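K.L.:
Test case, fold it:
(one chain, ligands or ions: 1)
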Amino acid sequence: MVADGIRIESLVKTYGSGDTAVHALRGADMAVAKGEVVGLIGPSGSGKSTLLKCLGAVIEPTSGRMTIGERVIYDNGWQTRDLRALRRDLIGFIFQAPYLIPFLDVTDNVALLPMLAGTSNAEARKNAVELLEALDVAHRAKAMPAQLSGGEQQRVSIARALVNRPPVILADEPTAPLDGTRALAVVALLNDMAVRFDTAIIVVTHDEKIIPTFRRLYHIRDGTTVEEIVSE
Ligand SMILES: Nc1ncnc2c1ncn2[C@@H]1O[C@H](COP(=O)(O)OP(=O)(O)OP(=O)(O)O)[C@@H](O)[C@H]1O
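P.N.:
Here you go, the predicted structure:
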């Protein structure tokens, strides 16, 4: 169905083995196109974090298949040795807390990863400022993180997730600390960024304020995903 974003098929993750094995994912399926934002919801212990960690190549699945675009990432085993490069080049992460580096200004927080990867400081900063403009926080480019509001910090962390133009962004409870208006603003921004930067965004959330805004939701129950199409 979806060729250009991320797709998983029959993904299984079992922690441990034998009598104490925990079957966290029992054959999860999901497909998210570039330009699309989907919600991933489910009760506590249903496997959301496990799925997100597998998608982010943070933990290894037990079996199944995962592709990003045409590239097979996992097929009953990782298809690359360099998982760090895979995460850096293909996946952006947004967390509940922005985790900005307190002693770097906003621009350098966004520019840091490309700088570490060898992009010249001038080019990395120019690119960072362009992203800050897209996220409407360029006027705070020289501020330190502690001088920003919670919503501004989260926008900077979204800019950082976009910096390598990844085809996939994984967001773990990105609106949890924000009030209703700010939470909805972050989701609107994610929708805008998904289209503008041509990326597939998966948002794990418990946040009742934002759940009704997703066009497509995946429910996860007992390690199995069920798709709910909310609106066309
Ligand atoms: N490292 C681990 N070792 C063993 N079992 C684990 C491990 N991590 C998670 N589990 C188990 O796997 C199942 C799914 O956990 P997971 O954290 O993915 O759920 P979740 O949907 O994210 O829950 P929550 O909403 O409470 O964060 C649970 O039964 C959990 O206890």
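K.L.:
Can you list the low-confidence ranges for the protein?
P.N.:
1-3, 232 (pLDDT under 70).
K.L.:
at 90 what do you get?
P.N.:
Applying pLDDT under 90 to the chain flags the ranges 1-4, 96-98, 116-118, 150-151, 176-182, 222, 227-232.
K.L.:
And the strands in it, which stretches?
P.N.:
6-15, 22-32, 37-41, 63-68, 71-75, 91-94, 168-172, 200-204, 216-221, 224-229 (DSSP state E).
K.L.:
Make TSV out of those and add distance to the ligand.
P.N.:
Backbone N, C-alpha and C define where each C-beta goes, glycine included. TSV is the format used below for the strands of the chain (distance: least, Cβ to the nearest ligand atom, whole Å):
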stretch	distance to the ligand
strand 6-15	3
strand 22-32	4
strand 37-41	9
strand 63-68	15
strand 71-75	17
strand 91-94	15
strand 168-172	9
strand 200-204	7
strand 216-221	7
strand 224-229	12
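K.L.:
wait, which of these is closest to residue 159?
P.N.:
For residue 159, the closest of the strands of the chain is strand 91-94, at 9.9 Å, according to Cβ to Cβ.
K.L.:
what's in contact with that closest one?
P.N.:
Applying Cβ atoms under 8 Å, 6 or more residues apart in numbering, the contact partners of strand 91-94 are 55-57, 68, 154, 157-158, 160-164, 166, 168-172, 174, 199.
K.L.:
Let's see that with 6 Å instead.
P.N.:
56, 157, 158, 161, 162, 166, 168, 169, 170, 171, 174 (Cβ atoms under 6 Å, 6 or more residues apart in numbering).
K.L.:
From the chain's centroid, how far away is that strand?
P.N.:
4 Å (Cα atoms, centre = their mean, to the nearest Å).
K.L.:
What helices and strands are in contact with the lengthiest helix in the chain?
P.N.:
The single longest helix within the chain, with elements called by DSSP state H, is helix 180-196. Applying 3 or more Cβ pairs under 6 Å, 6 or more residues apart in numbering; DSSP states H and E, one finds that helix 180-196 contacts strand 37-41.
K.L.:
Disregarding residues adjacent in the polypeptide, which is nearest to residue 145?
P.N.:
residue 100 (3.9 Å; Cβ to Cβ, 6 or more residues apart in numbering).
K.L.:
Quick check: phi and psi on the one you found?
P.N.:
Torsion angles at residue 100 (phi, psi; degrees, to the nearest 10) stand at phi -80, psi 150.
K.L.:
Adjust the sequence numbering to begin at 230 for everything that follows.
P.N.:
From this message on, residue numbering opens at 230, which makes the last subject residue 329.
K.L.:
got a list of what it touches?
P.N.:
338, 374, 382.
K.L.:
okay, the angle between the longest helix of the chain and strand 251-261?
P.N.:
Angle, helix 409-425 to strand 251-261, by axes from the mean of the first three to the mean of the last three Cα atoms, to 10 degrees: 60 degrees.
K.L.:
what does helix 409-425 contact?
P.N.:
264, 266, 380, 383, 403, 404, 430, 438, 439, 442.
K.L.:
Pairing partners for the residue most central in space within the chain in the sheet, please.
P.N.:
Geometric centre of the chain, nearest residue: residue 399, 1.2 Å, by Cα atoms, centre = their mean. Note on residue 399: beta-bridge partners by DSSP bridges are residue 322, residue 431.
K.L.:
What residues does this protein have near the ligand?
P.N.:
In this structure, the chain approaches the ligand at residues 244, 245, 251, 253, 271, 273, 274, 275, 276, 277, 278, 279, judged by Cβ under 6 Å from any ligand atom.
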